[in-house]
Structure formats: structure tokens, C-alpha cells
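[1] Sharing a model that was predicted from the sequence below.
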Amino acid sequence: MVLAILEGVDGTGKSTLADMLHEQFNGDVERRSCGPPKKHVLEEYVADIETYTASLDHHVIYDRHYLGELIYGPLYRGGSQLDDAMKRYVELVLQARGAVVVIIHPGDGWLERTYGERGETFLKREHAELAKTKFARLCLTRGVITPTQQFGFANDSDVRTIKWLAILRAEVSAGMTAKFTTLVGNATGECEYLILGDTRGPLQ
């Protein structure tokens, strides 16, 4: 399974990029999306992927995952349900499974397209630039791929780069996650410590 997570401010073309990636991958492609958490955040963002093993014949593309909660939670729900420890845990689970996280930048004409042709209803226009800036700051702190969107479409070079990086990470992580299905953290086999234990208990 190749695991790709597409993030970015609403209206930047995540669904369009997901369509383009879908066409690139061989095998089954499963499309998923995570909105505002409806249950414990670890169940929301981790449960579906915690025990999977990477392979190259089944792929998952997320059109929005945990990073959206860091932006929209404070804007519309009084704060993010992901604290620093939970965010780190989610990222370590994704790292172990070879996930590629892509934050998409809006291009020229983004506001006009989002609130004109698209008719955006969730992200208020007065918050649009703030949300855009917050996603851009995440790019500086995460070291993720950040293809620039122009009128809502990534170019073919962006798509190929994301595809091959996702395949490479899946190949690297497959060996370790096959042995340790609930591995959290570095999947390259070069980790300094490997802590063994039973499965995580029920969340309260």
C-alpha cells in the first residue's frame, strides 16, 4: 500500500491532485478523507492505518487528514483537539508506514475560484488568507513536499515526484511493518531503540 496525504487550504485543488495521483498508481486505489474529529483524535487519524503493511498493489489517498485539524480547529471549534503529544504520535505512525504528506499551495486566482466558481461554504472568506498562511508555515516546520497549485491543478512533474516518493517510502517501510505491525517511528531499521509492548488500550 502506498499512503499519500493531501493537505492545504480549501479550494486549492486537493481533490484534483488526488484524481491525478489515482490515475498514476497501478492496483487498487482507495480514497479517504478526515473532517472534524467525531471521536477520539487517535481513533480518527490512526485507527484505520495503524496495523496496515505497505505494499505496491493497494493504495490509499487521503484528501485531508490530521493537519486540517491544526488549522480549522482553532478557527472554528475553539482549539485543536490534537495536542503536541497526539500530533507527534500521529506523525510517527505515518512515518512508520511510509506516508507522503503533501501540503498544496494555492496559486493565482485562488480566491476568485474558491468563492466564485466553487462557492465555498465552510471556510469563511475573511479567514481564507489566514488559513493559507498557517498551512504555509506548516511547510516550513515539516519538510514536506509542497507543490504549487496554479488555478487548482498540479503539473505532471509534481504528480510524478509524489508518486515515486510514495513508492520509495512504501518499499522502505514494508519490511519493518511486516515484522512489527504496530510499529511507531522510524521504519528504516536504523532506529536507536525499539520498545516492545502490547497493543494500545481503550481510549477514554
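    Thanks, I have the structure now.

[2] Okay, and the beta partners of the nearest residue to Leu165 once chain neighbours are set aside?
    Sequence neighbours aside, Val100 is the residue nearest to Leu165 in space, at 5.4 Å (criterion: CB to CB, 6 or more residues apart in numbering). All C-beta spots, glycine's among them, are computed from the backbone N, C-alpha and C. For Val100, the beta-bridge partners are Ala4 (DSSP bridges).

[3] Pull the contacting residues for Val100.
    Val2, Leu3, Ala4, Ile5, Val144, Ile145, Ile162, Leu165, Ala166, Arg169 (CB atoms under 8 Å, 6 or more residues apart in numbering).

[4] Run the chain-centre distance for the helix or strand where Asp158 lies.
    For Asp158, the element it lies in under DSSP states H and E is helix 156-179. Centre-to-centre, helix 156-179 and its host chain are 14 Å apart (CA atoms, centre = their mean, to the nearest Å).

[5] which parts of it are buried?
    By neighbour count with 16 or more other CB atoms under 10 Å, helix 156-179 contains the buried residues 158-159, 161-163, 165-167, 169-170, 173-174, 176-177.

[6] ok, now stretch 112-119?
    Arg113, Thr114, Tyr115.

[7] Roughly how far does the residue nearest to Leu165 sit from Leu111?
    Distance of Val100 to Leu111, given as CB to CB, to the nearest Å: 28 Å.

[8] thinking again about what came up before, now the buried residues of helix 156-179 in TSV, please, with extra columns for distance to Val41 and pLDDT.
    Compiled in TSV, the buried residues of helix 156-179 are given as follows (distance: CB to CB, whole Å; pLDDT from 0 to 100):
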residue	distance to Val41	pLDDT
Asp158	29	77
Val159	30	82
Thr161	30	80
Ile162	26	82
Lys163	29	82
Leu165	26	79
Ala166	24	80
Ile167	29	79
Arg169	24	77
Ala170	25	77
Ser173	23	76
Ala174	27	70
Met176	25	69
Thr177	22	70
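
[9] Closest one of the residues you listed to Met20?
    Proximity of these to Met20 was ranked by CB to CB; the top entry is Val159 with 4.8 Å.

[10] starting at the chain centroid, how far to the host helix or strand of Glu69?
    In the assignment (DSSP H and E), Glu69 maps to helix 67-76. Here helix 67-76 is found 14 Å from its chain centre; the criterion is CA atoms, centre = their mean.

[11] Tell me where the chain is predicted with low confidence.
    1, 51-56, 141-154, 176, 178-181, 187-204 (pLDDT under 70).

[12] now the closest residue to Tyr62 other than its chain neighbours: how far from Cys34?
    Once flanking residues are discounted, Tyr62 sits nearest to Ile5: 4.4 Å by CB to CB, 6+ apart. For Ile5, the distance to Cys34 equals 9 Å [CB to CB].
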